[in-house]
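Undergrad: Show me the folded form of this:
(chains A and B)
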Amino acid sequence: KAGVTQTPRYLIKTRGQQVTLSCSPISGHRSVSWYQQTPGQGLQFLFEYFSETQRNKGNFPGRFSGRQFSNSRSEMNVSTLELGDSALYLCASSLFSLAVAGELFFGEGSRLTVL
Amino acid sequence: SQQGEEDPQALSIQEGENATMNCSYKTSINNLQWYRQNSGRGLVHLILIRSNEREKHSGRLRVTLDTSKKSSSLLITASRAADTASYFCATDSLAGGTSYGKLTFGQGTILTVHP
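TA: Next up is the predicted model:
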């Protein structure tokens, strides 16, 4: 069974640009959640999508958005990039929504550097 | 803000020794999970313990949960150099008996096992 796939793995952007990251969950998993990991703030929850609906959202500005497609693949978008957005962005998939609980399967992450 | 706080922040031991990491949290939880992360890569799920459980085992891992103290510990017995990684606890908090529907991660413990 293929694992969670995130693309691209590495990217460099400049301030003011926007970026789109992609996540393909494990086949059959309907929940995709996104996390930002930085040395200062640690791992922080961004949002969860389940069956194409955003179920929950963390404490991030509106520049951070996402969506989920009918095949459960998800994308997150960050607009008007700031230096502080430099981070490892991780997505995780699970069979059930986070509210039901269960094991999360993480991708390898997309490392974003904003110059 | 982080729900879970872990200690120690860093732990250095020799192969064969046991490693104990602790996690404290602030609110009522539905469950608590432990994850492992190798140097900037994705997280790997280790074990999930529900709020009505006190102890769980998985191979060389032993997790305890004390809901009265709002704390959990992860014990790795007979550690190996390959156990070198960061370890995170993650909590699924409850509000009025219902899950918030998101995982909140601690800052993590960096474990180094010397051969």
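
Undergrad: Does the longest strand belonging to chain B reach chain A?
TA: If you go by DSSP state E, chain B has its longest strand at strand B:85-95. Yes - using CB under 8 Å from any CB of the partner chain, we find that strand B:85-95 touches chain A at B:Phe88, B:Asp92. Yep, even glycine has a C-beta here, placed from its N, CA and C like the rest.

Undergrad: Report the rounded mean pLDDT for that strand.
TA: Averaged across strand B:85-95, the pLDDT comes to 88.

Undergrad: One more: stretch A:8-16?
TA: Across stretch A:8-16, the average pLDDT comes to 97.

Undergrad: And the contacts of that stretch?
TA: By CB atoms under 8 Å, 6 or more residues apart in numbering or on different chains, the residues outside stretch A:8-16 that reach it are A:19, A:21, A:80-83, A:108-115.

Undergrad: and these, which two are the farthest apart?
TA: Pairwise distances across those peak at 26.4 Å for A:Thr80 and A:Glu108 (criterion: CB to CB).

Undergrad: for chain A, what are the nearby residues on chain B?
TA: By CB under 8 Å from any CB, the part of chain B that sits against chain A consists of B:2, B:30-31, B:33, B:35, B:40-45, B:48, B:88, B:92, B:98-108.

Undergrad: Buried only: go through these for me.
TA: By neighbour count, with 16 or more other CB atoms under 10 Å in any protein chain shown, the residues of chain B next to chain A hold B:2, B:30-31, B:33, B:35, B:41-43, B:45, B:48, B:88, B:92, B:99-108 as buried.

Undergrad: need the contact list for residue 38.
TA: Went with chain A since none was named. With CB under 8 Å, 6+ apart, A:Thr38 has these contacts: A:Gln44, A:Ser86, A:Ala87, A:Leu88.

Undergrad: Please refer instead to chain B.
TA: Counting by CB under 8 Å, 6+ apart, B:Asn38 has contacts B:Val44, B:Thr84, B:Ala85, B:Ser86.

Undergrad: Retrieve the pLDDT associated with the residue nearest the centre of chain A.
TA: Residue closest to the mean C-alpha point of chain A, counted by CA atoms, centre = their mean, is A:Trp34 at 3.1 Å. pLDDT for A:Trp34: 97.
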